[in-house]
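Visitor: Okay, here's the prediction I keep looking at, along with the sequence it came from:
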Amino acid sequence: MPELLLLCVMLIPQIVAGVFAKSMGRNFWFWFFISFLIPIISLIVLLFLDDKSEQQKGYGLADHVKKENDVN
């Protein structure tokens with residue numbers, strides 16, 4: 001039983017890295033496994049990476065094109 005508890009405690013940095021990466025729009029599993037190799041460094045690298053979840057995918061509309069919901 002203590003071995004299972006130790007394993008759960010040792011997985012905390014990997015889970016934190018994966019969840020943090022997912023919230024930034026990155027791949028959970030990639031950062032989860034990278035965190036096995038370099039646990040603390042991967043978290044520091046994630047802090048300095050740009051947030052991809054805020055970026056719009058695809059092309060945006062031109063300034064003169066109105067969206068369907070615009071009334072003006």
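Guide: Good, I have the coordinates.
Visitor: what ranges do the helices span in this structure?
Guide: 2-10, 12-23, 28-37, 39-48 (DSSP state H).
Visitor: And those: which comes nearest Asp63?
Guide: With C-beta to C-beta as the measure, helix 12-23 is the member of those nearest Asp63 (30.9 Å). Quick note: C-beta positions are derived from backbone N, CA and C, even for glycine.
Visitor: buried set for that closest one?
Guide: Pro13, Gln14, Val16, Ala17, Gly18, Phe20, Ala21 (16 or more other C-beta atoms under 10 Å).
Visitor: Could the C-alpha coordinates of it be exported in CSV?
Guide: This file holds the C-alpha atoms of helix 12-23, laid out as CSV (Å, rounded to 0.1, in the frame of the first residue of the first chain):
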residue,chain,number,x,y,z
ILE,A,12,1.9,14.8,-9.4
PRO,A,13,4.4,16.8,-11.5
GLN,A,14,3.4,14.9,-14.7
ILE,A,15,-0.3,15.4,-14.1
VAL,A,16,0.3,19.1,-13.3
ALA,A,17,2.3,19.5,-16.5
GLY,A,18,-0.3,17.8,-18.6
VAL,A,19,-3.2,19.7,-17.2
PHE,A,20,-1.3,23.0,-17.5
ALA,A,21,-0.4,22.2,-21.1
LYS,A,22,-4.0,21.3,-22.0
SER,A,23,-5.2,24.6,-20.5
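Visitor: List of residues touching it?
Guide: 27-36, 39-40, 42-43, 46, 53 (C-beta atoms under 8 Å, 6 or more residues apart in numbering).
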